[in-house]
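Asks: give me coordinates for this.
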Amino acid sequence: MIVRNWMQNNPLTISSDTLASEAKRLLLDNNLNALLVVDNGRLRGLVTRHNVMRMGHYVTRTQNPDEVSFFVNRLKVRDFMVRNPATVDANDTMEHCLEYGKELMVAQFPVMENGSVVGIISANEIFLLAAHLCGTMEAEKMRKAQ
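Replies: The predicted model follows:
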């Protein structure tokens with residue numbers, strides 16, 4: 001099983017100049033766990049839902065109007081994105097992807113092919129793979145039992 005067959009194709013991307021508040025809106029509106037930051041066709045970083053929510057929680061907890069204003073109107077994703085995120089190749093195996101994620105303790109990878117972003121793979125796709133394998137194994141057990 002290769003990554004290409006399980007990844008999300010044509011992922012939503014943003015530029016490093018995107019406001020944090022816009023990134024948060026895109027993550028929530030599209031029910032995404034991560035956005036890829038791409039400038040001039042090159043992968044620059046990764047913005048995760050967790051990072052944006054944690055930052056937003058901190059800002060609202062301080063209840064400082066200046067910090068809230070800064071978060072909403074001036075903070076850009078380049079200021080807090082994960083720079084140079086670990087990536088996988090579209091032709092890598094899912095086993096490699098799982099081991100690499102476990103090793104780095106990350107839940108999503110940009111998927112690259114010939115230096116360009118072609119997708120993203122996250123824990124959601126891993127769960128789909130697990131469900132597929134469980135279903136296949138159960139069907140095989142049923143077939144053998146007959």
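
Asks: hmm, which helix or strand of this structure has the shakiest average pLDDT?
Replies: helix 123-145 (a mean of 70; mean pLDDT, DSSP states H and E).

Asks: return the set of residues that bridge with the spatially most central residue of the chain.
Replies: For the chain, the residue nearest the mean C-alpha position is residue 34 (3.4 Å; CA atoms, centre = their mean). Using DSSP bridges, the beta-bridge partners of residue 34 come out as residue 48.

Asks: that one and residue 13, how far apart?
Replies: 11 Å (CB to CB, to the nearest Å). From N, CA and C alone the C-beta is placed, and that goes for glycine too.

Asks: residue 71 too?
Replies: 22 Å.

Asks: and the closest residue to residue 30 other than its chain neighbours, backbone torsions?
Replies: Leaving aside its chain neighbours, residue 30 sits nearest to residue 12 (6.1 Å; criterion: CB to CB, 6 or more residues apart in numbering). When quoted as degrees, to the nearest 10, the phi and psi of residue 12 stand at phi -70, psi 130.

Asks: residue contacts, residue 12?
Replies: Counting by CB atoms under 8 Å, 6 or more residues apart in numbering, residue 12 touches 26, 30, 32, 35-36.

Asks: do residue 126 as well
Replies: By CB under 8 Å, 6+ apart, the contact set of residue 126 is 94, 97-98, 101.
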